[in-house]
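1. this one's sequence-less:
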């Protein structure tokens, strides 16, 4: 009876204070809140604090900032989704060690996708109990060392569809950036602007089995990049790869997508041979990898393409010379006609 009265009062408060929100109540009396169009009035959910709420889903509400204390007293929260807002800033302390210890001890999923977050400062996610963190489709350009400090339980991290690059001038994927999340199993870095990855970047991720590096600008991936991992699913399709080396890991059965890269056939044949030898032991194949999307460009084809480009340039120059020659001829004819006209009409003084 007490629980029923609490839920009834909470439902009334919900409609009175927070229009646009729906309260879902489950059989075990736990609840979730779905809100949209709060128009950046994040404070409106605070009167809804309850030990019964396990999920908060606030989308399309023009939220620009996550302040410290936003989720105080929602101690049973398992999932927070703030996807599809315009969040630019996460206030230091919003997801601090103290917040997770005292206010969000059971949080497992944090979804901040489809926002405008550009930077992850040091210790922004400190001592988190979160299992899944989604930061996809933001505007991430910089990830500082210690951004994921002591997130010992994190298993899935999605950083896809951002602006992460690896230029020498501003390397936003520094070596050791993932060293604090050794429990990580799935990492998505697809649809960024990565041109290179340093050896050892993933070396402290012994449980990492799913890695998505597709749709970047990578040209080289050596075996040292994957040392220390147990990669089973590797997506490196839609890059600019000309060199790829897979580590000698006979204890895994990997699936590798190589499609839409810039491999030369000779180089790719050597790569495939090395992969085959890595999984070939005592006359039998041990956990032979599943490789798909294999394609390459023959060296002669590349030379022909270059020759074709040279021919196009030559034909263009020849055409320009032709037009210039015709123009010069026309000017000469006009000048000759003018001189003949002058001589016939005895206008020597005017012609001179």
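-> That came through fine. Since we're looking at a predicted model, the values are computed, not measured. Residues are numbered from 1 along each chain as shown.
2. going by C-alpha atoms from here, please, whenever you check contacts or count neighbours.
-> OK.
3. what mean pLDDT does stretch 104-121 get?
-> The average pLDDT for stretch 104-121 rounds to 94.
4. where does the stretch 251-352 of the chain have low pLDDT?
-> For the stretch 251-352 of the chain, the stretches flagged by pLDDT under 70 are 251-252, 278-288, 299-352.
5. again, 80 this time
-> In the predicted model of the stretch 251-352 of the chain, residues 251-253, 271, 273-289, 297-352 satisfy pLDDT under 80.
6. so how many other residues sit close to residue 67?
-> When neighbours are counted by other CA atoms under 10 Å, residue 67 registers 16.
7. report the contact partners of it.
-> 90-94 (CA atoms under 8 Å, 6 or more residues apart in numbering).
8. same check on residue 267?
-> 242-243.
9. phi, psi of it?
-> Phi and psi for residue 267, reported as degrees, to the nearest 10, are phi -70, psi -40.
10. how far away is it from residue 226?
-> Distance, residue 267 to residue 226, by CA to CA, to the nearest Å: 20 Å.
11. buried ones in stretch 65-79?
-> 65-67, 71-79 (16 or more other CA atoms under 10 Å).
12. picking up where we left off before, pick out the most distant pair among the contacts of residue 67.
-> Greatest spatial distance among the contacts of residue 67 (CA to CA): 90 and 93, at 8.4 Å.
13. common neighbours of these two, please.
-> Common neighbours of residue 90 and residue 93, using CA under 8 Å, 6+ apart, are 67, 124.
14. and the strand or helix carrying residue 24, what's buried?
-> In the assignment (DSSP states H and E), residue 24 maps to strand 21-25. Using 16+ other CA under 10 Å as the test for burial, strand 21-25 gives 21-23.
15. isn't there a helix covering residue 98?
-> Yes: membership of residue 98 in a helix is supported by DSSP: H, G, I helix; E, B strand; the rest coil.
16. list the contacts of it.
-> The contact partners of residue 98, by CA under 8 Å, 6+ apart, come to none.
17. go on, residue 291?
-> Residue 291 touches 255-258, counting by CA under 8 Å, 6+ apart.
18. helix, strand or coil for it?
-> Applying three-state DSSP: residue 291 is strand.
19. sorry, back to before: out of the contacts of residue 291, who's the most crowded?
-> Highest neighbour count within the contacts of residue 291: residue 258, with 23 neighbours (other CA under 10 Å).
20. now for it: which residues touch it?
-> 235-238, 291-295.
21. if we can go back for a sec, against which helices or strands is the strand holding residue 24 packed?
-> Contact here means 3 or more CA pairs under 8 Å, 6 or more residues apart in numbering; DSSP states H and E; on that basis strand 21-25 packs against helix 2-17, strand 31-36.
22. follow-up on the earlier one: closest to residue 161 out of the contacts of residue 291?
-> The closest of the contacts of residue 291, once distances to residue 161 are taken by CA to CA, is residue 257, at 18.8 Å.
23. and the closest residue to residue 53 other than its chain neighbours, how far from residue 290?
-> Leaving aside its chain neighbours, residue 53 sits nearest to residue 31 (4.4 Å; criterion: CA to CA, 6 or more residues apart in numbering). Residue 31 sits 44 Å away from residue 290, going by CA to CA.
24. and if you look at residue 70?
-> 47 Å.
25. residues contacting residue 164?
-> Here residue 164 is in contact with 140-142, 172-173, 192-194 (criterion: CA under 8 Å, 6+ apart).
26. same thing but 10 Å
-> Residue 164 makes contacts with 118, 139-143, 171-173, 189-195, 216, as judged by CA atoms under 10 Å, 6 or more residues apart in numbering.
27. against residue 53, how distant is it?
-> For residue 164, the distance to residue 53 equals 35 Å [CA to CA].
28. swap in residue 103?
-> Per CA to CA, residue 103 is found 13 Å from residue 53.
29. which of those two has more neighbours?
-> residue 53 (23 against 19).
30. my guess is the more buried one meets residue 75, correct?
-> Yes: judged on CA atoms under 10 Å, residue 53 makes contact with residue 75 at a distance of 8.3 Å.
31. domain-wise, how is this protein divided?
-> As assigned by automatic domain parsing, the chain contains the domains 2-193, 308-351.
32. by mean pLDDT, show me the worst of those.
-> domain 308-351 (a mean of 57).
33. quick one: the helices in the chain?
-> 2-17, 97-102, 265-278, 299-344, 348-351 (DSSP state H).
34. show me which positions of the second one end up buried.
-> It refers to helix 97-102. By neighbour count with 16+ other CA under 10 Å, helix 97-102 contains the buried residues 97, 99-100.
35. what does the third one give?
-> Within helix 265-278, the residues that qualify as buried are 267-268, 271-272, 274-276, 278, counting by 16+ other CA under 10 Å.
36. residues touching residue 220, list them.
-> Counting by CA under 10 Å, 6+ apart, residue 220 touches 195-197, 239-245.
37. now which of the residues you listed would you call buried?
-> 195-197, 239-245.
38. neighbours around residue 253, how many?
-> 17.
39. just send the contacts of residue 220 back as a markdown table, with distance to residue 114 and pLDDT too.
-> Output for the contacts of residue 220, formatted as a markdown table (distance: CA to CA, whole Å; pLDDT from 0 to 100):
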| residue | distance to residue 114 | pLDDT |
| --- | --- | --- |
| 195 | 24 | 92 |
| 196 | 25 | 91 |
| 197 | 25 | 91 |
| 239 | 24 | 96 |
| 240 | 27 | 95 |
| 241 | 29 | 94 |
| 242 | 33 | 93 |
| 243 | 33 | 91 |
| 244 | 32 | 91 |
| 245 | 34 | 86 |
